[in-house]
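J.: With the sequence up front, the predicted model follows.
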Amino acid sequence: MDQVKIGRFLKELRTEKELTQESLAEKLSVSNKTISRWETGNNMPDIGMLVEIADFYEVSIPEIINGERKSENMNDETRDTAVKMAEYSKNEVKKGKRKVVSGLLIIFGLFVILSALAVFPNDSSWGSIYSFLGSIFLLIGVFCALKDKTNRILVRLAAVAGCALLLFGTFSLTDYLAVTKFNRVPRFCHRVSYNSENPNQLEYDTIFYTAVWENPGTEWERVYIK
């Protein structure tokens, strides 16, 4: 393929239309430099743009690739093939972008969750809040990533629900270990209560159990399951 010859042919076609590089660039929604690179042979239009140029100049794609006219009418089969190739190329680009976005969402979600667990102490509600937000980003990323695997939305929702249950189980297990092994209050609780009859105690209610923080902030403090 002679890119210089193709460039000269593209320039001839533009001249026949009595167009400047600037006016052509505006019609094709590209920059002036892009037109110049095509016509000097330094660069070639991608397949999608090649279809658009062929339509605009009313020539066939093989004529552009060969750098000369061979027929007056564009070959319909060749054009259809090129259009399908262009659509396939666009779909591949979309898939690539979706993979990048979903991957970033998953990584960001995990980063937020791990940062929340590492930075905020167990008795701070911010740890559970940021962990919840990170989980949302993570689940959205999983949902987007599964689009390339299946178009059935129910399957994707079921997979996301499974991931949500896995996260819930992980949070519950880490809380249980924090109470029983490390003498810390549960991070993911739905209520913290104070009993006036036991002023030295705080109760943390979770879905599965109630943890008691006795003598908080003193050397005699301890956390146990009620």
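T.: On my side now, so go ahead.
J.: from here on, contacts and neighbour counts on C-alpha atoms
T.: Noted.
J.: what about the helices in the chain?
T.: Using DSSP state H, the helices of the chain run over 3-16, 21-28, 32-40, 47-57, 61-66, 76-119, 125-145, 153-182.
J.: hey, which of those helices is tucked in deepest?
T.: Compared across those, helix 125-145 shows the largest average neighbour count, a mean of 20 (mean count of other Cα atoms under 10 Å).
J.: now the angle from that one to helix 76-119?
T.: Interaxial angle, helix 125-145 versus helix 76-119 (axes from the mean of the first three to the mean of the last three Cα atoms, to 10 degrees): 160 degrees.
J.: Which elements pack onto helix 125-145?
T.: Counting contacts by 3 or more Cα pairs under 8 Å, 6 or more residues apart in numbering; DSSP states H and E, helix 125-145 packs against helix 76-119, helix 153-182.
J.: Which elements pack onto the shortest one?
T.: Other helices and strands packing on helix 153-182, by 3+ Cα pairs under 8 Å, 6+ apart, are helix 125-145, strand 222-225.
J.: Note down every partner strand of the shortest one and its orientation.
T.: If I follow you right, that is strand 222-225. Sheet pairing of strand 222-225 (DSSP bridges) gives strand 210-214 (antiparallel).
J.: okay, the angle between the strand it pairs with and helix 153-182?
T.: Interaxial angle of strand 210-214 relative to helix 153-182 (the same axes, to 10 degrees): 30 degrees.
J.: from the middle of its chain, how far away would strand 210-214 be?
T.: Relative to the centre of its chain, strand 210-214 is centred 41 Å away, using Cα atoms, centre = their mean, to the nearest Å.
J.: Mind listing residues that contact it?
T.: 179, 185-186, 200-205, 220-226 (Cα atoms under 8 Å, 6 or more residues apart in numbering).
J.: With respect to Tyr194, which of the helices of the chain lies nearest?
T.: Closest of the helices of the chain to Tyr194 is helix 125-145, at 16.1 Å (criterion: Cα to Cα).
J.: So which residues make contact with that closest one?
T.: By Cα under 8 Å, 6+ apart, helix 125-145 touches 98-99, 101-114, 116-117, 119-121, 156-157, 159-160, 163-164, 167, 187-188.
J.: let's see it at 6 Å
T.: With contacts defined as Cα atoms under 6 Å, 6 or more residues apart in numbering, helix 125-145 is touched by 102, 105-106, 109, 112-113, 116-117, 120, 188.
J.: residue ranges with poor pLDDT in this structure?
T.: Applying pLDDT under 70 to the chain flags residues 1, 70-82, 84, 88.
J.: Domain map for it?
T.: Following automatic domain parsing, the chain resolves into domains at 3-74, 94-182, 191-225.
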